[in-house]
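Participant: Make a model of this:
(one chain, ligands or ions: 2)
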Amino acid sequence: MTSVLTTALPLPLHSRGKVRDTYRLSDTELLMVSTDRISAFDVVLPTPIPEKGRVLNQLSRSWFRETGGLVRNHLARDQSIPTELLAALPGLDQRSQRVVLAQPVMFECVVRGYLSGSGWKDYRQTGTIAGEPLPAGLEESDRLPQPIFTPATKALTGHDENISRAELASRAGSDVAQTLERLSLSLYRFGAERALDRGLILADTKFEFGWHNGDVILIDEVMTPDSSRFWDAELYRPGGPQPSFDKQYLRDYLEQLGWNKQPPAPPLPQEVVVGTSDRYLEALRRLTGRRQPVTAGV
Ligand SMILES: Nc1ncnc2c1ncn2[C@@H]1O[C@H](COP(=O)(O)OP(=O)(O)O)[C@@H](O)[C@H]1O
Ligand SMILES: [Mg+2]
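Facilitator: Ligands and ions are numbered 1, 2, ... in the order given. Okay, here's the model as predicted:
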């Protein structure tokens with residue numbers, strides 16, 4: 001299957017994000033297409049990663065199915081892909097989802113079970129995460145006493161900014177804030193338990209929600225390597241950073257290149273492309289028990 005950096009389907013374009021190209025199928029439905037684009041340090045790389053789009057799509061799809069009892073989600077009932085679209089992009093059915101058009105809630109719903117990334121940075125400086133008190137003396141990558149909800153603004157450009165739960169309540173309303181927190185924590189607990197059964201720690205993850213017919217529903221992608229930190233449970237050693245399951249390899253390569261992390265990003269050599277692709281496939285295999293994405297016609 002050829003890898004895809006940019007799509008050009010014969011449909012009106014709704015949006016092009018870092019990874020997904022989204023089209024309008026109708027007034028109420030979107031087609032979200034996961035490309036093989038990869039970003040590192042918030043910059044999209046010029047080289048596609050084969051299989052990545054399908055892995056992300058199938059992982060999200062699998063989580064949407066598994067968590068359907070916890071929260072309604074944006075998957076449309078009819079997942080068939082019109083044949084003229086399939087003809088325009090072979091394998092489209094493997095890398096896309098039909099979803100209902102929602103009004104995105106403009107906050108990222110982050111849940112952290114472990115102290116890492118911006119949470120660790122904040123804790124080291126303030127002893128809290130966005131003002132939420134935590135026990136003293138925690139080390140980097142330590143497991144938190146319980147998972148915590150740490151919302152962030154959804155920046156249209158640039159980096160997201162962590163906000164306190166009180167700030168979320170004042171901006172979104174306390175009922176909505178409570179709903180977002182309750183749903184996010186229950187999704188995280190479900191996912192973290194499933195992941196651990198399969199030898200992976202779900203250190204933290206980000207959910208997005210949207211409004212649909214007056215209800216809050218789960219949208220976007222769910223517990224993929226792009227929206228989450230997964231660590232190999234066997235290699236877990238708190239007290240320092242953990243190798244991330246998928247992107248560490250790529251980040252390490254880019255770090256030793258000495259690239260200044262400003263666009264344009266350098267192209268990737270074949271060896272790094274294959275190594276990264278293998279890691280995404282490994283994440284899919286471990287999280288769903290499937291070795292390969294289901295391939296049409298194979
Ligand atoms: N059901 C939905 N309705 C409307 N917008 C959605 C829906 N699901 C996801 N989105 C939006 O579509 C975009 C997905 O593309 P992505 O490549 O992830 O973009 P980004 O670079 O902003 O992360 C996100 O902006 C997300 O908020
Ligand atoms: Mg996204």
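Participant: how many neighbours does residue 44 have?
Facilitator: 16 (other CB atoms under 10 Å). Any C-beta I mention is one placed from the backbone N, CA and C, and that applies to glycine too.
Participant: Show me what it bridges to in the sheet.
Facilitator: Residues in a beta bridge with residue 44, per DSSP bridges, are residue 39.
Participant: show me what contacts it?
Facilitator: 18, 37, 38, 263, 265 (CB atoms under 8 Å, 6 or more residues apart in numbering).
Participant: Can you give me the distance of it to residue 253?
Facilitator: Distance, residue 44 to residue 253, by CB to CB, to the nearest Å: 16 Å.
Participant: if we can go back for a sec, quick one: which of the contacts of residue 44 is nearest residue 96?
Facilitator: residue 37 (14.4 Å; CB to CB).
Participant: before we move on, what SS does that closest one have?
Facilitator: Residue 37 carries the three-state label coil when classified by DSSP: H, G, I helix; E, B strand; the rest coil.
Participant: Quick one: name the residues of the stretch 101-250 of the chain near ligand 1.
Facilitator: Listed as neighbours of ligand 1 in the stretch 101-250 of the chain under the rule CB under 6 Å from any ligand atom: 101, 102, 104, 208, 210, 219, 220.
Participant: got a pLDDT number for whichever residue of the stretch 1-150 of the chain sits closest to ligand 1?
Facilitator: Closest to ligand 1 within the stretch 1-150 of the chain is residue 17: 2.0 Å, counting by CB to the nearest ligand atom. pLDDT recorded at residue 17 is 94.
Participant: just residue 158 next, same as before
Facilitator: In this prediction, residue 158 carries a pLDDT score of 65.
Participant: can you check residue 237 too?
Facilitator: Value for residue 237, per-residue pLDDT: 98.
Participant: Now for the nearest residue to it once chain neighbours are set aside: which residues touch it?
Facilitator: Nearest residue to residue 237, sequence neighbours excluded (CB to CB, 6 or more residues apart in numbering): residue 141, at 7.7 Å. If a contact means CB under 8 Å, 6+ apart, then residue 141 has 114-116, 120, 203, 231, 236-242 as its contacts.
Participant: one more time with 7 Å, if that's ok
Facilitator: 114, 115, 116, 238, 239, 240, 241, 242 (CB atoms under 7 Å, 6 or more residues apart in numbering).
Participant: Just the buried ones out of these, please.
Facilitator: With burial judged by 16 or more other CB atoms under 10 Å, the buried subset of the contacts of residue 141 is 114, 115, 116, 242.
Participant: In the beta-sheet assignment, what are the partners of the first one?
Facilitator: In this structure, residue 114 has beta-bridge partners residue 143, where bridges are defined by DSSP bridges.
Participant: these two touch, right, residue 276 and residue 252?
Facilitator: No. The pair residue 276 and residue 252 fails to qualify as a contact (CB atoms under 7 Å) at a distance of 11.0 Å.
Participant: Can you pick out the residue with more neighbours from the two?
Facilitator: More crowded of residue 276 and residue 252, by other CB under 10 Å: residue 276, with 25 against 12.
Participant: how about the more buried one, secondary structure?
Facilitator: Residue 276 ends up helix, using three-state DSSP.
Participant: residues touching it, list them.
Facilitator: So residue 276 contacts 38, 49, 249, 250 (CB under 7 Å, 6+ apart).
Participant: Can you pick out the ones from the residues you listed that are in helices?
Facilitator: 249, 250 (DSSP state H).
Participant: and the contacts of residue 276 as TSV, adding distance to residue 271 and neighbour count?
Facilitator: Listed next are the contacts of residue 276 as TSV, based on distance: CB to CB, whole Å; neighbours: other CB atoms under 10 Å:
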residue	distance to residue 271	neighbour count
38	15	26
49	13	26
249	10	16
250	11	21
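Participant: Could I get the phi/psi values of residue 206?
Facilitator: Dihedral pair for residue 206: phi -120, psi 130, per degrees, to the nearest 10.
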